[in-house]
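Student: Build the 3D model from these lines:
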Amino acid sequence: MYIFQIGTLYLTAAHQQAAVTGEKTLIGNILNTMAIAHRLNRNFAQALLCAQQAEQIFREHHNTLELAHVWHNLGLIYGQNNQTTNANEYVIQALHLYRQLGNQYGEQKLIIDLNHVAEQLLKSSFSIRELLGDVRGLAAIQYRQAYLCFEHDDLATAEHLLQNALQLQISVNDRPKMIPMLRLLAQIAAKRQWFDMANY
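Tutor: All right, here's what the predicted structure looks like:
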């Protein structure tokens with residue numbers, strides 16, 4: 001909490017200085033950074049307020065890259081606050097903009113962020129990737145879902161998801177990405193054997 005308070009004090013000071021200079025892009029960037037800080041501290045109302053102010057600035061100045069970053073953040077804010085419909089809307093907009101700009105890093109970062117926000121958002125991000133037809137993204141989401149099922153001892157579901165993910169990777173001949181999937185399948189088999197011996 002102390003580190004968060006110090007960080008927001010610095011960001012507030014930076015925002016005040018940027019306001020004096022009138023540098024709108026800088027103001028928008030600081031506001032979005034403040035929104036991220038508030039989101040990480042689960043202060044969703046303040047996070048939303050800062051992000052929406054940043055969004056307005058970048059819309060007015062037609063700054064598409066920074067707008068994608070703000071939509072990215074808004075998707076996570078709504079997602080962490082369990083407002084899945086709004087989260088999906090902003091995530092889809094951000095993905096479209098990242099793709100339009102050819103920003104693969106932004107696109108992949110968004111999917112990674114979605115996977116770490118909350119387990120229920122995995123289904124949302126899966127539907128988003130399905131909508132955009134990204135085979136590797138779909139495989140990554142299913143692998144992450146499979147790992148969560150494995151951790152919760154839902155071995156049948158984990159195996160089913162992994163088989164689907166492997167088929168997707170085979171379709172694009174992405175052999176390096178198959179290795180962790182095959183390793184997890186082996187772990188599933190070992191865990192199933194251990195359960196069988198324990199129940200014998």
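
Student: For the rest of this, base every contact and every neighbour count on C-alpha atoms.
Tutor: OK.

Student: What ranges does this protein have for its strands?
Tutor: Counting by DSSP state E, the chain has no strands to list.

Student: my guess is residue 138 contacts residue 167, does it?
Tutor: No. Contact between residue 138 and residue 167 fails when scored by C-alpha atoms under 8 Å: they sit 10.8 Å apart.

Student: more neighbours, these two?
Tutor: A direct count of neighbours by other C-alpha atoms under 10 Å for residue 138 and residue 167 places residue 138 higher, at 22 against 14.

Student: And that one, what's its pLDDT?
Tutor: We have a pLDDT of 79 for residue 138.

Student: This protein - how does it break down into domains?
Tutor: 1-124, 134-200 (automatic domain parsing).

Student: Would you mind finding the most buried of those domains?
Tutor: Mean neighbours per residue, mean count of other C-alpha atoms under 10 Å, is largest over those for domain 1-124, with a mean of 18.

Student: Centre of the chain to it, how far?
Tutor: Relative to the mean C-alpha coordinate of its chain, domain 1-124 is positioned 12 Å out (C-alpha atoms, centre = their mean, to the nearest Å).

Student: What is the longest helix of this protein by residue count?
Tutor: helix 175-198 (DSSP state H).

Student: And the average pLDDT for that helix is what?
Tutor: For helix 175-198, mean pLDDT rounds to 84.

Student: and what of stretch 149-156?
Tutor: Mean predicted confidence for stretch 149-156 is 85.

Student: One more: stretch 45-54?
Tutor: Throughout stretch 45-54, pLDDT has a mean value of 93.

Student: List the contacts of residue 51.
Tutor: Contacts for residue 51 were tallied using C-alpha atoms under 8 Å, 6 or more residues apart in numbering; they are 31, 32, 35, 70, 73, 74.

Student: do that again at 6 Å, thanks
Tutor: 32, 35 (C-alpha atoms under 6 Å, 6 or more residues apart in numbering).

Student: any idea how far it is from residue 70?
Tutor: Going from residue 51 to residue 70 by C-alpha to C-alpha, to the nearest Å gives 6 Å.

Student: for residue 172, same thing?
Tutor: Following C-alpha to C-alpha, the distance that separates residue 172 from residue 70 is 32 Å.

Student: Ok, residue 84 next?
Tutor: Here the criterion is C-alpha to C-alpha. By it, residue 84 lies 17 Å from residue 70.

Student: What of residue 61?
Tutor: As defined by C-alpha to C-alpha, residue 61 lies at a distance of 14 Å from residue 70.

Student: One more: residue 31?
Tutor: Spatial separation of residue 31 from residue 70 under the definition C-alpha to C-alpha is 9 Å.
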